[in-house]
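Visitor: Predicted model and sequence below, questions to follow.
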Amino acid sequence: MSETTEATDASQAAGTQDEQAEQDETSGPQKAPQAADGPGDGAVRATPSSVSPGLAEQPLQGNPLRDASDRRLPRVPEPCVLVIFGIGGDLSRKKLIAAIYDLCNRGLLPTDFGLVGFSRTDWPGGGDFESMARKAAKDHCRTNWSEETWRRLASLMRFVPGSFDSDEDFDNLVAVLGELQKDYGIGGNAAFYLSIPPFAFPIVLKQMQRTGLSDAQAANGFRRVVVEKPFGHDLESALELNQLVDTTFPPRDVYRIDHYLGKETVQNLLALRFANQLFEPVWNANFVDSVQITMAEDVGIGGRAGFYQQTGAARDVLQNHLLQLLALTAMEEPVEFSAEAVRIEKIKVLRAISIPQDLEHYAIRGQYDQGWLAGERAVAFREEEGIPGDSKTETYAAVRFGVETRRWAGVPFYLRTGKRLPKRVTEIGVLFKKAPHLPFSKTDTQELGHNQLVIRVQPDEGVTLKFGSKVPGSAMEVRDVAMDFLYGEAFTEASPEAYERLILDVLVGDATLFPRSEEVEASWRAIDPLEEFWAGQTPYLYRAGEWGPKEADDMLARDGRSWRRP
């Protein structure tokens with residue numbers, strides 16, 4: 001079997017380029033670096049000269065003087081190894097390697113840590129593994145570059161060249177892990193990151209079963225697996241994938257990663273709601289008029305033609321990112337901030353989602369046509385390289401959902417996502433009902449809209465509160481004003497990248513920010529009816545640089561509302 005260049009959209013993290021990343025394991029030849037000694041003789045040590053043997057000293061896990069409730073001390077995992085399948089792909093080179101470097105630079109990795117890459121040896125730019133990894137870390141790291149940090153990390157890296165369907169290559173991987181356990185005292189603790197195309201999941205999981213890599217009991221340590229989205233392409237395939245993963249690893253050790261849940265602003269949504277008395281009393285149908293969740297991109301499909309042609313905007317973004325944001329917005333307060341308690345409340349919301357009966361008017365698909373964006377001409381989707389001229393794949397999707405609970409009955413949730421829109425932005429807008437009685441004349445309040453609470457997920461992370469205020473002057477004139485909270489201004493520490501937080505959570509065993517199989521299945525139950533209705537239909541066209549097709553505006557206008565402009 002040969003790995004494919006068409007891969008899952010596993011690298012949607014922070015930034016427009018992230019939305020274009022594919023799990024790519026192809027490119028130029030690699031020069032064979034020096035082989036490692038010992039039983040793992042097929043592995044390559046990424047060890048430059050004058051390398052120190054381990055990472056900087058970290059706080060001991062078993063320190064009896066440490067108070068577990070003291071949040072000032074960082075969480076540091078147990079000694080462990082992280083294995084990345086597909087380490088030569090786009091996601092690994094743009095996100096994962098840099099995130100691991102940043103964790104190392106911040107002192108959040110244990111002194112006994114190993115990183116093993118498993119991949120074919122052809123990646124963009126060629127060169128040996130250490131050169132590729134160094135360039136990836138230096139080009140995409142968030143923290144300051146430190147040669148000392150890199151030397152420490154490089155001394156703990158190994159590369160195992162191989163193919164997913166090769167028994168010999170996987171046997172060699174087992175030998176390399178054994179070598180690391182012996183050299184660095186890692187024991188049996190290992191996490192496996194499947195940064196690979198979805199079609200390769202069954203192959204790799206069966207190889208892990210065959211070699212015993214997934215057997216935590218035999219390894220005498222933890223064994224965890226990270227699965228990237230998309231989790232199937234419909235409910236049936238998601239059920240099959242979940243069954244396969246859950247028979248290879250215990251459900252508690254399966255981490256289905258949605259990088260949006262690792263963003264600080266998304267996590268702050270829970271703090272905003274449940275740590276403040278100000279918002280929760282009005283967070284219901286008595287006061288909320290509607291909720292709008294937008295994920296807009298100003299770029300096209302980039303080099304992901306094969307993946308995007310088969311997937312489309314609804315399966316790519318609506319099914320996972322936006323429905324997760326909806327669940328966090330609408331969920332009830334959990335009994336505690338733990339993985340299981342948060343999951344329970346999210347599943348309740350996803351199972352309570354109602355689909356509009358009039359899908360023709362309340363489930364809109366669009367496809368970008370040629371136009372102008374940021375002063376540059378943008379080609380139509382059907383003119384993109386690798387896209388058929390008669391493609392009916394959507395690059396824009398907008399739908400109205402309901403949440404049939406006592407808290408949200410009657411409140412519409414409008415979700416939209418699209419490419420080639422005017423700007424890159426992801427936000428949650430909670431629009432409140434207008435005051436029942438205004439003692440002012442209509443001319444005094446003609447510029448007054450709905451009170452709004454807007455949570456900006458990216459790129460300018462923060463919160464905006466819009467409300468009415470009197471305009472200075474002798475007359476009574478009320479106009480919307482805004483109060484802004486920006487992460488970059490309020491805190492001295494920069495927000496970590498989503499993959500930093502999520503990789504650290506995997507290594508320490510914190511599953512709070514990872515969807516479970518029931519969430520994935522409930523999301524597909526909301527999306528499958530839309531896909532069935534859209535099957536065979538031609539999407540509405542919209543010009544690149546516009547906020548989607550006119551029919552999406554008509555959808556809200558039919559309800560007496562309009563999209564807010566980010």
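Guide: It's in.
Visitor: Flag the shaky bits of the chain, pLDDT-wise.
Guide: 1-74, 123-126, 437-448, 474-475, 492-494 (pLDDT under 70).
Visitor: Which residue ranges of the stretch 101-250 of the chain form helices?
Guide: Assigned by DSSP state H, counting those that start in this stretch, the stretch 101-250 of the chain shows helices spanning 129-140, 147-154, 167-184, 201-211, 216-219, 235-248.
Visitor: Quick one, which of the ones you listed gets closest to residue 299.
Guide: helix 129-140 (17.5 Å; Cβ to Cβ). All C-beta atoms are positioned from the backbone trio N, CA, C, and that covers glycine.
Visitor: Mind giving me the packing neighbours of the closest one?
Guide: For helix 129-140, the packing partners by 3 or more Cβ pairs under 8 Å, 6 or more residues apart in numbering; DSSP states H and E come out as helix 97-105, helix 147-154, strand 157-161.
Visitor: wait, which of these is closest to residue 459?
Guide: When these are compared by Cβ to Cβ, helix 97-105 sits nearest residue 459, at 17.7 Å.
Visitor: In CSV, list the helices and strands packed on helix 129-140 along with distance to residue 114.
Guide: Formatted as CSV, these follow (distance: least, Cβ to Cβ, whole Å):
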stretch, distance to residue 114
helix 97-105, 11
helix 147-154, 10
strand 157-161, 7
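Visitor: do you know which of these lies nearest residue 257?
Guide: helix 97-105 (11.7 Å).
Visitor: before we move on, the earlier item: now for the helices and strands packed on helix 129-140, which one comes closest to residue 111?
Guide: helix 147-154 (9.8 Å).
Visitor: Enumerate the helices of the stretch 251-400 of the chain by residue range, in sequence order.
Guide: 264-274, 305-313, 323-330, 339-351, 359-362.
Visitor: Pull the distance from the shortest one to the chain's centre.
Guide: Right, the one you point to is helix 359-362. Centre-to-centre, helix 359-362 and its host chain are 28 Å apart (Cα atoms, centre = their mean, to the nearest Å).
Visitor: got the buried residues for it?
Guide: For helix 359-362, a neighbour-count test (16 or more other Cβ atoms under 10 Å) marks 359, 362 as buried.
Visitor: Packing partners of it?
Guide: helix 517-534, helix 550-557.
Visitor: Tell me which of these sits most buried.
Guide: helix 517-534 (a mean of 19; mean count of other Cβ atoms under 10 Å).
Visitor: how about the CA coordinates for that one, as CSV?
Guide: The C-alpha trace of helix 517-534 is given here as CSV (Å, rounded to 0.1, in the frame of the first residue of the first chain):
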residue,chain,number,x,y,z
SER,A,517,-17.9,8.5,20.5
GLU,A,518,-21.5,9.4,21.6
GLU,A,519,-20.9,13.0,20.7
VAL,A,520,-19.6,12.1,17.2
GLU,A,521,-22.5,9.9,16.5
ALA,A,522,-25.0,12.5,17.8
SER,A,523,-23.4,15.1,15.5
TRP,A,524,-23.8,12.9,12.4
ARG,A,525,-27.4,12.3,13.3
ALA,A,526,-27.9,16.0,12.8
ILE,A,527,-25.8,16.3,9.6
ASP,A,528,-26.9,13.1,7.7
PRO,A,529,-30.4,14.4,7.0
LEU,A,530,-29.0,17.6,5.5
GLU,A,531,-26.6,15.6,3.3
GLU,A,532,-29.4,13.4,2.1
PHE,A,533,-31.5,16.4,1.2
TRP,A,534,-28.6,18.1,-0.6
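Visitor: that older thread, comparing the helices of the stretch 101-250 of the chain, which comes out most buried?
Guide: Ranked by average neighbour count under the criterion mean count of other Cβ under 10 Å, the helices of the stretch 101-250 of the chain are headed by helix 129-140 at a mean of 20.
Visitor: Spatially, which residue comes closest to residue 185, not counting chain neighbours?
Guide: Closest residue to residue 185 apart from its sequence neighbours, by Cβ to Cβ, 6 or more residues apart in numbering: residue 112 at 5.1 Å.
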